[in-house]
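Visitor: turn this into a model:
(chains A and B)
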Amino acid sequence: MDISYNWLRDLVETDLTADEVAAELTRVGLAVEGIHAHGCDLVFDIDLTSNRPDCLSHLGVAREIAVNQDLEIATGSSDAVADAAPNLVSIVHPELCYRFTARIIRNVKIGPSPQWLVDRLEAIGERSINNVADITNYVMHELGQPMHSFDLDKLTDNRIVVRRAKAGETIQTLDDVERKLDESMLVICDAEKPAAIGGIMGGLDSSITESTVNVLLEVAYFDRANIRSTSRKLNLATEASYRFERGVDIENLIRASNRAAKLTQELAGGTLGEFINVYPTKSTPKTVESPDISAAVQRLTGLTIETNECVRILSALGIMPVDRSQIPNLRSQIFVSPSWRHDIAIEEDLVEEIARHAGYENIAAELPPVFGAGEYQPNEPREKRLRRVLADMGFDEALSYSFIDTRHDEIFETVPNLVDSDLTEQFITLQDAVIDGAVRMRPSILPGLLDAVRLNLNHQRRDIKLFELGKVFAAAAGEDSPPKEQKLLAIALIGGEIRQNKAISERDLDFYDAKGSIEAALAAVSVDNVSFIPAVVRHLRQGQAARIQVDGRDVGSVGRLNDDLATTYKFRQSIFVAEIDLQTVLSIEQAPLAYRPLSIYPGIVRDISFVVGRNVSFDDIRDSVAEMNFALCRSTTYVDIYEGKGLAEGERSLTIRLEYRSDERTLVEQEVEDVHSQIVVGVGKKLGISYRV
Amino acid sequence: MSEERNSVEAIKVAFETEFAKFSGIDLEAASLNEAELLLHEISELKILHTGKKSPIAGAMKLIGRIPPEERGSFGQFVQVVERGIVEAIGAVENGLRSRISLLKIELESLDVTIPGRRPRTGHLHPITILRQKIEDIFVSMGYAIEDDREIETDYYNFDALNIPEGHPARESQDTFYTTEGFALRSQTSTVQIRAMERRGVPLRILAPGRVFRRDTPDMTHTPMFHQLEGLCVDKGITMAHLKGTVTEWLKRMYGPDTVTRFRPSYFPFTEPSAEFDFSCFKCAGSGVFQGERCRPCKGSGWIELGGSGMVHPNVLRACGVDPTIYSGFAFGFGLERMTALMYSIDDIRHMFENDVRFLEQFS
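Guide: Residues are numbered from 1 along each chain as shown, chains lettered A, B, ... in the order given. A predicted model of the protein is given here:
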C-alpha cells in the first residue's frame, strides 16, 4: 500500500524525516518496503498485515506515527451538518447493512480535478477520473472509508432501498459486466431496481457521468462476512470490498461524508442538500479485561513497563481504560477498543500493542532454561544412513511433487498393502490442480522419478541414478478416515556404471545393480533378511522383475521397466526401478546382533557347476543345500552364471561355492569329499539338474 | 703339466670365443627386448661355463695328474681362469639386469594426474542437507524432531490454529482440498497441535516437513515446499526466549557475528507476533559485497527469514494447555527460501526438477 509523506503530514505535524517515518513505521509493524519520490512528495510502500485494515488509510498510518511523538491527529468534523430526510433511505436488511448515510449535493459541475488532487492520487498510484469520482477515492485513502456517488436523477423516485437481491435480479456494474445476483447478496436499490452491489461496486446506469448535475453520496457500513462471501461469489474484489470485508470504522461515516461533501462544494461547486444517517445496527464497543497489564507484558515479552506507560501507549492508540477511579488500588483494568480496531479482543492483543510501541528491539535475547534431552525422529538415524549409503553408491537425491497425473494409476503397481482394492475410490484426488492434470496424490514415487530421469536425459545426461524418500497416499477404508500416508523409498537407474571424473562409463547397468542397491540400502538400515522372488509386476518387464520380501513380508518390487512404459518415456536404454515400503521395513523388529566365535580351524571350499534351465534358480539350489542340513557345510555362495558355447539353448551353467568347516578339528580331504558328493548328488536329484564335471 | 695348462687355456679360449658377442656390448643402447634376449643368452652361457658340470670345474679334476710341487700354482691358475669367467658373466648379467629394470621403470611409469579410480558419489538434496543441519542444532538444544500427517483435517490445519471459518488465511485459493474434503497441510503448524496433544507440556519440538499451497509454479513459488517450525512451551517462556533461541540457532548456522532483528507482524496463531530477520551472511549486514549491492539481502543488510511469536492462548487451549500457567513461543520459515538465499538460486522451481546438474552442486 502506498502512503504519501506530504499527505501524512497534513494529518499529523511530525518533525520526522521520511526516512525516520519509514524506520518508525517498520519498527511498530507497518513494514516499509521502500520509499520512492513522486514530484516533490515521497511515497512509502507499506506491507500491511491483514489484521490492520485500520491502517489502510493515511489517517490510520498517522495514528501509528503519533503514538510515540505525542501528536494530535487533524481530524475533520463528525457533526451532522444538514437536516435529516427520513424518507430518503430505508434499510430492509439491517443485519447486512449496519449503518447508511446519504447526502444530496445539487448543481455540481463534473469536470477535471485540480492539479493538487491529481498529484495526490497519482502519488499513491491512483488515476484521476473526474472531480466527483476523485473526491470519493481521495477521502477513502485519507480516512479509510469507501463511499459511492450516484447520479441522483437516475435513481427512480430519488430514493434508496437497501435490501437483499431478489433471485434472478441482475445488475450491469461499472466495469460493464452483467452480474447475476442471488438472495444472499446485498444491493443498494432505487425504488425499483439495484443501483449498486453494496460495498463492492456501483451500477453503470446510476453512475456519475459528465452530464450529472445532482449527486447522492453514500457512506455506509456493511457486514464483513457478507461482503466477503458476495465478493467471492461474484469473483469481484475492489478497493471498497477489500476494506469493508476487513472492517472499516463505523463511527467514521459522518466525518468521511462531511469531508467529501466539503471537497465537492469546493471543487465541483455544488450546494449541500439533505442528509440522512440511518443506524439500525449498533454494536457495543468491545472491551478487554486485563488483571494487570504491566505483569502481562512482563510475562509474555520479558519487558518491564510501568502500568502508566502501558496505559499511555494504549490510550494513544485509542484503546482507552474505563475509569476505575472508584477502586483506585486495583491494578485490574477494562480497556475499550476503538471503533476502528477489529483486532483487539484479549489481553495478549494489548500486550502486542504495548510491546511493538515500546519496541521489540528492547526485548532481551536469552535461551530458555535447560530442559530434557533432544531427540531425532525414531527412524531418522536409519534414514540418514540409508541416504548416505545410496549417495555413496552414486545416487542423487530427488524430491518430486506429491501430486501427479491420474494417467499413472493403472500403469504403476503400488507397494503391497497400500491400496485397498475393495474400495471404489482407491486413490486420493485433489479438487483441482495448479500443475496441469496433477490432481492425484501420488500412490507411487516412480512417476516423479521417471520424469526426472527424462529431464536429465534431455540435458544430455546418459548415466543417471536417482533415489527419493517420501510419502505416498491412498484411500483408507471407513467413513471419514483420513487417507493413508506411507513413507517409501524409490530408486531409478539408467545407463552405465560411472566413475568420478571419467567421461565414459565402465559398463552398462543391469538388474543386479538395481537389486544390489536395494540390498545395500537395506543393509544400511540393518535389514538383512531380504529375499527376491520372481514375480509379475505391472510396470516391470517379465523375467526381470522381483518382489522384495523382508522377513517373509512383501514390501516392494525391483526390476526393469517394461518396454511399453520405456517407449512412453522415450527411454532408449534399459531402465531399472525399485520401490519399497520403507515405513514397514523400518518397523520390522530386527534381532539383536549376536557374536559368533572365530573358528580356529581352516575351512575348505569346493566349487560346483550345475546345468540349469530357466525354471531353477540360485535360491532353489541354495535352499536345497540348506535343507540337507550337513553340519560341516557352512555356506553356499554364488560364483557365476554362464550360458552359450558348450550348453544347449535355454541352459545355463550356474557355479556355486560350498564352504566346509568344523569347529572341533581340521577336516581331512576325504570327509569333505564325502559330504560334498552327497550334496551335489542330492541337489541334482531334488531339482532334477545335472552338474558339470 | 703343460698339457694340463694347455687344456685349461683351451677352456678359457673357448669361453672367450663364446663370450665375445657380450664383451663389446653397449648396454645404454639396448632396448628392453634386446636386453632380455641377451640376459637369456648370458644365463645359458653361465650354465655352460660355471657350476659343477662346466669345463672349468672339470679342469680342477686334472690336479691329480700334476706333480705335488706344482699343484699349488696350477690350482691358482685354474681359479684365476674360473674367476675370470664368473666375473665376466656376472658383470654382463648385472649390467643387463639394471638396464632391464631401468627400462621397466620407465615403461611402467604412470601419469599420476589421471583421475583416481573412484566410484561417482551421489548427492543429497539441498533441502535434506539444510534440514539435517538445522535438526542437529536444535537437537543439541534439547528439541525433539517431529513430523506428522501431510493430509489433514480442517481442524488441525485451521481451527486449532486459531484460524476460524471466514478467516482470509482459510480461503480455499490458498489450500488444496481432496475430493473427500481433507486439506493438504498448508503449514507445519499442524504438527504443533498434534505434538502437544501427544506429548503434553512442557515440550520443545522442531517440525520440518512438506507443505502445500495453491500457487502456480514461478520463480519464487512452488505449490509444494518445505517448512520448518519450532515450538517451545513451558512455564515462564517469554519473547526474550524466542529471540535468544532464534539468535543462537542463526549464530550456529552463520557464525558468531550474526545478529537478528524482530519486527511486529501478524499471524493468527501467535500473539504477539514477530517476523525475524538476520544480518546477511554474505555482506555481514553491510548491504555491500565486493563493492556491489549485495544480492541475497538486496542491499538491505538483512535477510527476512520467517515468522514467529508467542503461541496464541486459543491454540494452547485447543491442545488442553492452560494459558494462564503455560506460555510458549513458535517460529517457522521455508527451507526452499533459505536454500535459495544461501546459494543465490534465482528460480526456486529447480528444487523439484531433480536436474542432476543442480543436485550435484550440493554436498
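Visitor: kindly report the residues of the stretch 251-363 of chain B close to chain A.
Guide: Within the stretch 251-363 of chain B, the positions near chain A by C-beta under 8 Å from any C-beta of the partner chain are B:260-266, B:271-275, B:310, B:312-313, B:327, B:351-357, B:359-360. For glycine as for every other residue, the C-beta is placed from the backbone atoms N, C-alpha and C.
Visitor: ok, the residue nearest to A:Q573 when sequence neighbours are not counted to A:N226 distance?
Guide: Of all residues not flanking A:Q573 in the chain, A:I494 sits nearest, at 5.5 Å (C-beta to C-beta, 6 or more residues apart in numbering or on different chains). Distance check for A:I494 against A:N226: by C-beta to C-beta, to the nearest Å, it reads 58 Å.
Visitor: ok, these two, which is more surrounded?
Guide: A:I494 (25 against 21; other C-beta atoms under 10 Å in any protein chain shown).
Visitor: what subset of the residues of the stretch 251-363 of chain B next to chain A is buried?
Guide: B:260-266, B:271-275, B:310, B:312-313, B:327, B:351-356, B:359 (16 or more other C-beta atoms under 10 Å in any protein chain shown).
Visitor: residues contacting A:L143?
Guide: Going by C-beta atoms under 8 Å, 6 or more residues apart in numbering or on different chains, A:L143 touches A:57-59, A:76, A:252, A:255-256, A:259.
Visitor: close to chain B, is stretch A:392-404?
Guide: Yes: applying C-beta under 8 Å from any C-beta, one finds stretch A:392-404 in contact with chain B at A:392-403.
Visitor: narrow the residues you listed to those that are buried.
Guide: Neighbour-count burial (16+ other C-beta under 10 Å) is assigned, among these, to A:393-403.
Visitor: would TSV of the residues you listed with pLDDT and secondary structure be doable?
Guide: Shown next, in TSV, are those (pLDDT from 0 to 100; DSSP: H, G, I helix; E, B strand; the rest coil):
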residue	pLDDT	secondary structure
A:M393	95	coil
A:G394	95	coil
A:F395	97	coil
A:D396	97	strand
A:E397	98	strand
A:A398	98	coil
A:L399	98	coil
A:S400	97	coil
A:Y401	97	coil
A:S402	97	coil
A:F403	96	strand
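Visitor: adding distance to A:Q298, write those residues out as CSV.
Guide: Listed next are those as CSV, based on distance: C-beta to C-beta, whole Å:
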residue, distance to A:Q298
A:M393, 57
A:G394, 58
A:F395, 54
A:D396, 52
A:E397, 47
A:A398, 50
A:L399, 44
A:S400, 49
A:Y401, 47
A:S402, 44
A:F403, 47
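Visitor: tell me, how many residues neighbour A:Y279?
Guide: 16.
Visitor: pull the contacting residues for it.
Guide: Per C-beta under 8 Å, 6+ apart, neighbours of A:Y279: A:98-100.
Visitor: most surrounded residue in those?
Guide: Using other C-beta under 10 Å as the neighbour criterion, A:F100 leads these with 25 neighbours.
Visitor: excluding chain neighbours, what is closest to it?
Guide: Nearest to A:F100 is A:A220, by C-beta to C-beta, 6+ apart, at 4.3 Å.
Visitor: the helix or strand harbouring that neighbour: how far from the chain's middle?
Guide: In the assignment (DSSP states H and E), A:A220 maps to strand A:215-222. When distances are taken as C-alpha atoms, centre = their mean, to the nearest Å, strand A:215-222 is centred 39 Å away from the chain's centroid.
Visitor: over to stretch A:364-375?
Guide: The mean C-alpha position of stretch A:364-375 is separated from the chain mean by 29 Å, C-alpha atoms, centre = their mean.
Visitor: likewise stretch A:176-194?
Guide: Worked out by C-alpha atoms, centre = their mean, stretch A:176-194 lies 36 Å from the chain centre.
Visitor: show me where pLDDT drops low in chain A?
Guide: A:75-85, A:324-330 (pLDDT under 70).
Visitor: residue in it nearest to chain B?
Guide: Closest residue of chain A to chain B, C-beta to the nearest C-beta: A:G29 (3.0 Å).
Visitor: residues contacting that residue?
Guide: Counting by C-beta under 8 Å, 6+ apart, A:G29 makes contact with A:49, A:52, A:356, B:263-266.
Visitor: which two among these are spaced furthest apart?
Guide: Largest separation among the contacts of A:G29 by C-beta to C-beta: A:R52 and B:R263, giving 13.6 Å.
Visitor: re the thing from before, and the residue nearest to A:Q573, what are its phi and psi?
Guide: Torsion angles at A:I494 (phi, psi; degrees, to the nearest 10) stand at phi -150, psi 150.
Visitor: could you do A:S206 as well?
Guide: phi -100, psi 10.
Visitor: count residues in the vicinity of A:G470, would you?
Guide: Here the number of neighbours of A:G470 (other C-beta under 10 Å) works out to 20.
Visitor: who is it paired with across the strands?
Guide: A:L488 (DSSP bridges).
Visitor: does it really touch A:I445, like I thought?
Guide: Yes: A:G470 is within contact range of A:I445, at 5.9 Å (criterion: C-beta atoms under 8 Å).
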